[in-house]
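Participant: Sequence plus predicted model, see below.
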Amino acid sequence: MKILIVEDNQNLLSQILRHFRREGYVCEQANTYQEGYKKLNNYDYDCVLINLGLPGQDGLRLVQMMREEDAQTGLILLSSNNLARERIQGLDEGADDFLLIPFDVGELHARVKAVMRRKTGNYSKVLAFGGLVVKLDERIVLADGALLNLTKKEFEILVFLARNKNRVVTKESIAEHLWGDYMEDAISFDFIYAHIKNLRKKLAAHGFSEYLKTVYGVGYKFEMG
């Protein structure tokens, strides 16, 4: 799943990014109304989180612009202002939910999942791709019923790619997902290549190597027809 977070508070933004990347989401960020406007005009997202108190422009203007073009993307508003009229106006403009700052990031994640259930009809804890089954709660992967012996990083990469099925995921996004704020300490992407190589070998042993594609010079894709 791909989400956009439009938030100018860097501490809050870092908490949200860290949590959702750890859970397998592709995350993009914008710190101002102008940045959010550009990203929403140029890219597609499954869910968007918008702080109403953005510098440079009222976040509600971004909501209005977004809903004029797109009625399907999930939209959750964030605000430190506990005014009923602001909540009502945001929901009237087309937001799916509203969350008051400060909040627990776990609650935000639950609300994102609830919004996506309403939008798509389900948000399963089991990812199934033919004979390949990923059980998220148990953190196991079954290939035609056989248990794959994956390392923690291999499992996280597989879930990250599978949740973004048929999307190209860059090496940088994978590194951020696995190592978060420490990604910049890495001097190369050799660790990504090694984990992907081992993951592909384990999938190939059960006839599922074709799911994991390399997009040369960019990254990887979990692809199904």
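Facilitator: Yep, that arrived. Please read all numbers here as calculations on a predicted model, not as lab measurements.
Participant: Break down this structure into its strands, ranges please.
Facilitator: 2-6, 26-30, 47-51, 74-79, 97-100, 126-129, 132-135, 140-143, 146-147, 169-170, 212-215, 219-222 (DSSP state E).
Participant: Residue 198: which of those strands is closest?
Facilitator: strand 212-215 (11.2 Å; C-beta to C-beta). Placement of C-beta: from N, CA and C, glycine included.
Participant: Next, the distance between the ends of stretch 19-33.
Facilitator: End-to-end distance of stretch 19-33 (C-alpha to C-alpha, to the nearest Å): 23 Å.
Participant: tell me which residues in it are buried?
Facilitator: Going by neighbour count (16 or more other C-beta atoms under 10 Å), the buried part of stretch 19-33 is 19-21, 23-31, 33.
Participant: for the chain, what are the low-confidence residue spans?
Facilitator: By pLDDT under 70, the weakly predicted segments of the chain are 120-124, 177, 179-188, 225.
Participant: Which residue of it lies farthest from its centroid?
Facilitator: Among residues of the chain, the one most distant from the C-alpha centroid is residue 85; the distance is 30.2 Å, by C-alpha atoms, centre = their mean.
Participant: separation between that one and residue 33?
Facilitator: Counting by C-beta to C-beta, to the nearest Å, the gap from residue 85 to residue 33 is 20 Å.
Participant: Kindly indicate which of the buried residues of stretch 19-33 lies nearest residue 113.
Facilitator: Out of the buried residues of stretch 19-33, the member with the shortest distance to residue 113 (by C-beta to C-beta) is residue 23, at 9.7 Å.
Participant: so what's that closest one up against?
Facilitator: Taking C-beta atoms under 8 Å, 6 or more residues apart in numbering, we find residue 23 in contact with residue 109.
Participant: Generate TSV for the strands of the chain, with distance to residue 14 as supplementary columns.
Facilitator: Formatted as TSV, these follow (distance: least, C-beta to C-beta, whole Å):
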stretch	distance to residue 14
strand 2-6	10
strand 26-30	10
strand 47-51	14
strand 74-79	14
strand 97-100	17
strand 126-129	27
strand 132-135	28
strand 140-143	30
strand 146-147	36
strand 169-170	20
strand 212-215	28
strand 219-222	23
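Participant: right, and those strands - which one's nearest residue 196?
Facilitator: Across those, the minimum distance to residue 196, taken as C-beta to C-beta, is reached by strand 219-222, at 6.3 Å.
Participant: tell me the phi and psi of the most centrally placed residue in the chain?
Facilitator: Centroid-nearest residue in the chain: residue 25, 2.3 Å away (criterion: C-alpha atoms, centre = their mean). The phi and psi values for residue 25, taken as degrees, to the nearest 10, are phi -90, psi 150.
Participant: can I assume it is in contact with residue 3?
Facilitator: Yes. Counting by C-beta atoms under 8 Å, residue 25 touches residue 3, with 5.5 Å between them.
Participant: Hmm, residue 119 and residue 72 touching each other?
Facilitator: Yes. Between residue 72 and residue 119 there is a contact under C-beta under 8 Å: 6.7 Å.
Participant: who's more crowded, these two?
Facilitator: Neighbour count, other C-beta atoms under 10 Å: between residue 72 and residue 119, residue 119 has more, with 15 against 9.
Participant: Tell me, how many residues neighbour residue 37?
Facilitator: 18.
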